[in-house]
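A.B. asks: coords below, sequence missing:
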């Protein structure tokens, strides 16, 4: 029995030795073998898409302005005047705005003017132009209509419409409107309104410094503008 146990111990030692040698051999072989080389590819960096360009609001009342009575539609008319070409004349009683072309002609636009008690007259100049202007009602208007917003950002829902031309140091403007059905009426607090399509056209023709003559309501001369086309 003693000899058998001794034999088993020798076999176990031999097996352990063989295992140790194999492990060392494997480690040496693994260390000596070159590491596998994998190809390295650069992953292209994709650029982030640029943010979409915010386009200006579009004028959308072209079709609605076409529904205006013929006399209120934009047209070239005969208009004899001594005023220089480029002058704006507001015919308050007849709700017209004339842009003088010279040579006895003018472009006539239908407009909305001040309601009773809010018309005015005189000579001013355009001191500022703005596209899709913000609206800040003056204190006098807030006092009369306290429900009005204190400030409204420009846009299609803004009462000043697509363009505004500011008159001197007054609170009055020539501007567009989101209610083209009011053209030809006495409706405002003194400002002069055109359809958005018409105010964009006028805006493109005038510059800061343009002379503006506003005729009084009492000037009841006959309408001088007869259509040329």
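C.D. replies: Cool, got the structure. Only a predicted model underlies this, so the values are computations on that prediction, with no experimental measurement involved.
A.B. asks: quick check: nearest residue in space to residue 127, chain neighbours excluded?
C.D. replies: Ranked by CB to CB, 6 or more residues apart in numbering and with sequence neighbours excluded, the top spatial neighbour of residue 127 is residue 166, at 5.4 Å. All C-beta atoms are positioned from the backbone trio N, CA, C, and that covers glycine.
A.B. asks: wait, that neighbour sits on residue 125?
C.D. replies: No: if you go by CB atoms under 8 Å, residue 166 and residue 125 don't touch, sitting 9.8 Å apart.
A.B. asks: distance between the ends of stretch 134-145?
C.D. replies: 18 Å (CA to CA, to the nearest Å).
A.B. asks: number of residues surrounding the residue nearest to residue 127?
C.D. replies: For residue 166, the neighbour count with other CB atoms under 10 Å is 20.
A.B. asks: now for the helix or strand where it lies, which elements pack on it?
C.D. replies: With elements taken from DSSP states H and E, the one containing residue 166 is strand 163-167. Judged by 3 or more CB pairs under 8 Å, 6 or more residues apart in numbering; DSSP states H and E, strand 163-167 is in contact with strand 122-131, strand 173-175, helix 196-205.
A.B. asks: try 10 Å
C.D. replies: strand 88-91, strand 122-131, strand 173-175, strand 192-193, helix 196-205, strand 211-214 (3 or more CB pairs under 10 Å, 6 or more residues apart in numbering; DSSP states H and E).
A.B. asks: that strand vs helix 196-205, what angle?
C.D. replies: 60 degrees (axes from the mean of the first three to the mean of the last three CA atoms, to 10 degrees).
A.B. asks: direction included, what does strand 163-167 pair against?
C.D. replies: Strand 163-167 has these partner strands in its sheet, going by DSSP bridges: strand 122-131 (antiparallel), strand 173-175 (antiparallel).
A.B. asks: need the ones you listed in JSON lines (columns: mean neighbour count and distance to residue 141).
C.D. replies: Shown next, in JSON lines, are the strands paired with strand 163-167 (neighbours: other CB atoms under 10 Å; distance: least, CB to CB, whole Å):
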{"stretch": "strand 122-131", "mean neighbour count": "15", "distance to residue 141": "18"}
{"stretch": "strand 173-175", "mean neighbour count": "25", "distance to residue 141": "13"}
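A.B. asks: output the below-cut-off pLDDT ranges for the protein.
C.D. replies: 1-66, 220-229 (pLDDT under 70).
A.B. asks: hmm, back to that, could I get the helices and strands packed on strand 163-167 as CSV with distance to residue 186?
C.D. replies: Shown next, in CSV, are the helices and strands packed on strand 163-167 (distance: least, CB to CB, whole Å):
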stretch, distance to residue 186
strand 88-91, 13
strand 122-131, 18
strand 173-175, 16
strand 192-193, 11
helix 196-205, 18
strand 211-214, 14
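A.B. asks: count of residues packed around residue 210?
C.D. replies: By the measure other CB under 10 Å, the count of residues near residue 210 is 20.
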